[in-house]
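In: would you be able to build a 3D model of this:
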Amino acid sequence: TPLDPPDTDNDGALDFRDLDSDNDGLPDLDEGGLDPDLFDPDRDGVLDNPDTDGDGIPNNVDGTPNVFGDGNGPTSNNVPNSGPNTSDNPDYREIDSDGDGTPDRVEAGLPTGPGSPDVNADGKLDNPTDTDKDGVADSIDFLPGIFGGFDFTDTDGDGIPDSRDLDDDNDGILDTDEGDGDLDTDGDGTPDSLDLDADNDGILDVKEAGHDKADADGDGTVDGSVGENGLPDAVETRPDSNIPSTPVIDTDGDGVRDFQDLDSDNDGINDVIEAGGSDPDGDGIVGNGTPVDADDDGIVDVVDADQGGTPVPVLDIDGDGVEDYRDLDSDNDGVNDVIESGNPDRNGDGQVDGADRDGDGIRDSVDPANGFGDSGGSQTVDTDGDGIPDHRDLDSDNDGINDVIEANNPDANGDGLVDGNDRDGDGIRDSVDPANGFGDNGDPAPTDTDGDGVSDRTDLDSDNDGILDVTEAGHTDGDGDGQVDGNDTDGDGIRDTTDPSPTTFGDSGDTTGVDTDNDGVADYRDLDSDNDGIPDVTEAGGSDPDRNGIVGTGIPQDIDGDGIADDVDPSTGGIPLAVTDGDRDTIPDYRDLDSDNDGIFDLVEHGGLADADNDGRVDGADTDGDGLLDAIDGSNGVFGTGAVPMNPPLDRNGDGIPDFQQLPSSGVVGGSGGSDNIDGTDSDDILNGFSDLDVLDGGLGNDIINGGSQKDNLIGGPGDDILNGGTNDDRMVGNDGEDILNGGSGNDRMFGNKGDDLLNGGNGNDRIKGGKGRDVINGGDGNDKIFGQQKKDTLNGGNGNDLIVGGFGEDLLTGGEGRDRFRYTSSKDFGDRIVDFEIIKDKIDLKRVKGISSMDDLNFIQKGDNGLIQAQVGNKFKTVVKLDDIDVNDLSKHNFNL
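Out: Predicted coordinates:
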């Protein structure tokens with residue numbers, strides 16, 4: 001009798017040729033009781049095993065794999081019949097093999113209903129069309145022209161088998177962009193197209209893709225409907241268009257897209273850290289050691305909510321809409337993260353320098369590992385040890401001065417954040433970002449006021465004067481560690497004691513810091529905070545042997561790199577400065593214009609300094625911005641005075657206490673409101689004339705003589721005296737000793753006489769003569785006549801049209817503002833240097849010199865940038881004057897009185 005092979009599902013493929021005899025979408029192999037993981041790993045419905053004897057029975061189910069035929073007999077495979085179902089049909093021919101009323105297809109977890117191959121949910125495929133006659137309907141056959149090919153896997157459970165699903169894991173990234181199953185970026189065994197975190201950084205691909213579509217439940221898949229193509233409708237231009245509305249983002253443009261990039265913004269800080277994840281071994285992959293992923297969804301268990309993990313929060317610490325892992329300035333303090341993390345950025349673009357040979361998105365310069373992942377190269381810096389890394393800390397050194405201020409960036413509203421918009425969305429505000437596009441192109445070198453190699457934002461003593469920034473900024477530091485005391489409730493790095501907004505990120509009362517002398521240089525960067533001509537380090541009681549305004553000698557040593565010189569750093573065995581307040585008026589001496597409260601400015605008691613307006617502060621400009629005015633700064637352009645020491649303050653009684661800190665005791669003599677004639681003693685006296693016409697004679701000793709408001713006659717006598725004329729037209733005579741004469745206002749006549757004197761004319765048209773010593777004369781305001789007389793003097797005309805006569809000796813002359821005349825009376829006056837000769841306004845007066853009557857009597861020589869004017873004296877030429885920065889070819893007879 002001929003056999004009549006059955007065709008159970010009437011699809012035209014006899015059961016023995018039909019891979020799905022009952023057309024329920026389940027392979028007969030599965031329903032026949034074989035384990036597909038062992039016998040059919042590729043899930044095509046065909047046994048995956050060789051057939052050695054060629055009998056059509058694969059070896060793994062053939063009792064005699066080397067002999068034609070199956071030695072186990074026809075029941076060897078134990079093809080199961082149904083349990084409750086009393087039919088004799090084996091399961092592979094049953095739609096409901098266990099007879100429980102639920103189709104096998106449903107029990108196998110395959111989709112039924114609208115949008116599925118079984119719309120009517122009867123357990124059978126609606127369209128039995130089978131092009132290749134393998135018994136597998138084309139609707140589920142991913143190889144419709146080749147025998148075999150069940151479309152069985154649906155990774156994301158969206159009802160679209162992976163073979164027809166453009167986005168197998170439903171993360172909003174096309175499988176073609178994820179490598180179509182052939183790419184496994186993180187090497188975790190799950191291909192990127194099925195991996196919800198392709199780089200294992202703890203940030204789900206649905207976030208890193210850049211389409212910004214919702215994933216409210218945090219399962220790593222896009223919320224909402226999915227079309228027949230398997231791509232979420234929310235990420236398409238229109239449903240089933242197959243066209244994503246947003247390209248997959250590559251934030252830093254390095255060719256590695258963010259979802260495969262361990263450092264998406266290339267700032268040298270791995271994404272896992274910037275997102276707020278944990279990476280104890282520093283390999284750039286979330287967690288410690290080899291990642292564990294029990295459910296094979298590509299999400300490491302420690303951050304997989306399905307496995308009891310805690311998802312990474314993906315921080316945006318400054319709330320600017322750019323997540324930190326894509327933000328080049330995460331805390332918006334104007335200092336790029338690459339700088340705050342201590343990574344190399346020579347071109348100032350805000351990104352780490354160098355190549356990325358292993359293609360993991362981490363540049364080689366910070367990636368010791370050759371292969372996917374880091375090996376500990378992404379370590380953030382936490383300067384103040386408060387648990388907040390510098391790239392998220394608005395006050396990295398906790399000195400009470402916000403980083404935005406210490407970096408010289410704009411913060412008009414005082415919130416600790418840089419002002420302005422961010423048009424290119426790289427996290428760097430436009431006010432500090434010259435580049436229109438991702439990255440910076442001019443990030444300046446970090447501000448380092450004192451040049452000690454520690455930037456101000458991490459330097460606890462930014463000017464190296466030995467006084468801590470926290471003190472100079474006016475904050476509380478009870479334990480003397482250089483940091484503001486107290487807690488930080490909101491975790492922005494600003495302690496609550498200095499943060500008016502202690503519960504929100506940012507400040508609301510940020511200032512540029514105390515600026516005692518209002519010179520535009522905050523005290524914490526100012527080497528002379530009160531501008532009295534005495535460096536802060538000296539006034540605070542510090543040691544400055546080389547007198548350059550910086551604590552200690554030479555370049556201070558700083559072993560621990562906190563910016564505090566070891567000499568005054570208790571953490572390295574130093575002794576902190578006590579910050580002296582000699583007169584106990586609660587104003588520390590470095591901010592006090594009269595430190596000993598004796599009624600005399602420190603500037604005056606220091607000696608040798610000009611104060612034409614009598615405000616207690618040194619006159620003039622501060623070219624290099626170090627807080628030391630040019631008049632006392634011998635090295636403009638160098639922080640501090642460099643190798644040029646400042647003059648030490650006077651200590652006339654030699655008791656080791658400078659005069660400006662010498663508290664008054666005795667010898668104070670005061671006049672009346674009338675005309676007084678006061679003689680001092682043989683000791684050190686203080687004579688005060690007050691109002692009316694006074695004659696004040698100090699006599700012996702180092703005296704201080706204050707004239708008052710009328711026309712006074714002040715006589716110093718022997719000793720190093722200080723004469724202050726006050727207002728009106730005074731006559732002042734220093735006599736013997738190294739005297740200081742301050743004319744004040746009025747038209748004064750001043751005579752230094754013997755000794756190396758300092759004479760300051762002040763306001764008014766003054767007539768000043770130095771005398772026999774090496775004198776310094778400052779005319780001040782007004783049309784002054786100043787005469788150096790003997791020896792090498794320094795004469796400064798100041799404002800006004802001045803007459804300047806150096807006299808004998810090679811003098812240093814400065815005209816200042818106005819039309820100045822430099823007069824020579826004989827060849828004995830020759831040899832001077834004029835610093836600021838102005839061709840348009842100034843003249844050299846040689847009319848009184850014998851033998852010079854015309855330009856023909858002069859020689860003009862160019863020597864570098866300077867001009868020399870020579871005249872014949874006897875049988876040789878002698879230099880009359882050297883003119884700085886003058887081309888002699890520009891000189892004419894209009895520049896001379898002959």
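In: in the stretch 151-300 of the chain, which segments are predicted with low confidence?
Out: Residue ranges of the stretch 151-300 of the chain with pLDDT under 70: 151-152, 163-164.
In: helices along that one, start to end?
Out: Listed in chain order, the helices of the stretch 151-300 of the chain (DSSP state H, counting those that start in this stretch) span 205-208, 271-274.
In: mind checking which of those is nearest residue 808?
Out: With C-beta to C-beta, the closest approach to residue 808 among the helices of the stretch 151-300 of the chain belongs to helix 271-274: 72.3 Å. For every residue, glycine as well, the C-beta is placed using N, CA and C.
In: show the subsequent helix or strand relative to that closest one.
Out: helix 337-340 (DSSP states H and E).
In: next secondary structure element downstream of that next one?
Out: By DSSP H and E, the next helix or strand past helix 337-340 is helix 403-406.
In: in a helix, residue 714, correct?
Out: No. Per DSSP: H, G, I helix; E, B strand; the rest coil, residue 714 lies outside any helix segment and is strand.
In: contact partners for it?
Out: For residue 714, the contact set (C-beta atoms under 8 Å, 6 or more residues apart in numbering) comprises 689, 696, 705, 707, 723, 724, 725, 730, 731, 732, 733.
In: surely the third one meets residue 699?
Out: No. Proximity of residue 705 to residue 699 does not meet the contact threshold set by C-beta atoms under 8 Å, at 10.3 Å.
In: shared neighbours, the two?
Out: 680, 685.
In: re earlier: as a markdown table, the helices of the stretch 151-300 of the chain with distance to residue 27 and mean neighbour count would be great.
Out: Output for the helices of the stretch 151-300 of the chain, formatted as a markdown table (distance: least, C-beta to C-beta, whole Å; neighbours: other C-beta atoms under 10 Å):
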| stretch | distance to residue 27 | mean neighbour count |
| --- | --- | --- |
| helix 205-208 | 31 | 26 |
| helix 271-274 | 41 | 29 |
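In: for those, which one sits closest to residue 297?
Out: helix 205-208 (10.9 Å).
In: residues in contact with the closest one?
Out: Contacts for helix 205-208 (C-beta under 8 Å, 6+ apart): 169, 171-173, 195-199, 213, 215, 220-222, 249, 257-259, 261, 264, 314, 323.
In: contacts only, for the most centrally placed residue in the chain.
Out: Geometric centre of the chain, nearest residue: residue 335, 2.4 Å, by C-alpha atoms, centre = their mean. Counting by C-beta under 8 Å, 6+ apart, residue 335 touches 329, 403, 404, 407, 409, 446, 457.
In: over to residue 113?
Out: Each residue near residue 113 by C-beta under 8 Å, 6+ apart is listed here: 119, 121.
In: what's the answer for residue 732, then?
Out: Residue 732 neighbours (C-beta under 8 Å, 6+ apart): 707, 714, 723, 725, 741, 743, 748, 749, 750, 751.
In: report the helix or strand with the lowest average pLDDT across the protein.
Out: Ranked by mean pLDDT, DSSP states H and E, the helix or strand of the chain with the weakest confidence is strand 668-670, at a mean of 52.
In: shaky segments in the stretch 401-550 of the chain?
Out: In the stretch 401-550 of the chain (pLDDT under 70), the answer is 425-428, 432-436, 438-445, 450, 492-493, 505-512.
In: break the protein down into its domains, please.
Out: Taking automatic domain parsing as the reference, the chain has its domains at 161-276+284-310, 514-653, 659-897.
In: can I get those domains in a markdown table including distance to residue 9?
Out: Converted to a markdown table, these look like this (distance: least, C-beta to C-beta, whole Å):
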| stretch | distance to residue 9 |
| --- | --- |
| domain 161-276+284-310 | 20 |
| domain 514-653 | 79 |
| domain 659-897 | 104 |
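In: so which of the ones you listed is nearest residue 349?
Out: Comparison of those against residue 349 by C-beta to C-beta identifies domain 161-276+284-310 as nearest, at 9.1 Å.
In: next one: that closest one to chain centre, how far?
Out: When C-alpha coordinates are averaged (C-alpha atoms, centre = their mean, to the nearest Å), domain 161-276+284-310 and its chain have centres 32 Å apart.
In: same check on stretch 803-813?
Out: So, by C-alpha atoms, centre = their mean, the centroid of stretch 803-813 is 51 Å from its chain's centroid.
In: in that stretch, what's buried?
Out: Using 16 or more other C-beta atoms under 10 Å as the test for burial, stretch 803-813 gives 803, 804, 805, 806, 807, 808, 809, 810, 811, 812, 813.
In: closest one of those to residue 487?
Out: residue 812 (57.4 Å).
In: distance of that closest one relative to residue 159?
Out: Residue 812 sits 93 Å away from residue 159, going by C-beta to C-beta, to the nearest Å.
In: ok, and what's touching stretch 648-664?
Out: Residues contacting stretch 648-664 (C-beta under 8 Å, 6+ apart): 532, 534, 538-539, 547, 580, 582-583, 589, 595-598, 602, 605-607, 684, 686, 702, 719-720.
In: low-confidence ranges, the stretch 751-898 of the chain, go.
Out: Within the stretch 751-898 of the chain, no range satisfies pLDDT under 70.
In: before we move on, the earlier item: could you redo the contacts of residue 732 as a markdown table and give each row distance to residue 648 and secondary structure?
Out: As requested, the contacts of residue 732 are exported to a markdown table (distance: C-beta to C-beta, whole Å; DSSP: H, G, I helix; E, B strand; the rest coil):
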| residue | distance to residue 648 | secondary structure |
| --- | --- | --- |
| 707 | 27 | coil |
| 714 | 26 | strand |
| 723 | 21 | strand |
| 725 | 26 | coil |
| 741 | 20 | strand |
| 743 | 25 | coil |
| 748 | 28 | coil |
| 749 | 30 | strand |
| 750 | 25 | strand |
| 751 | 26 | strand |
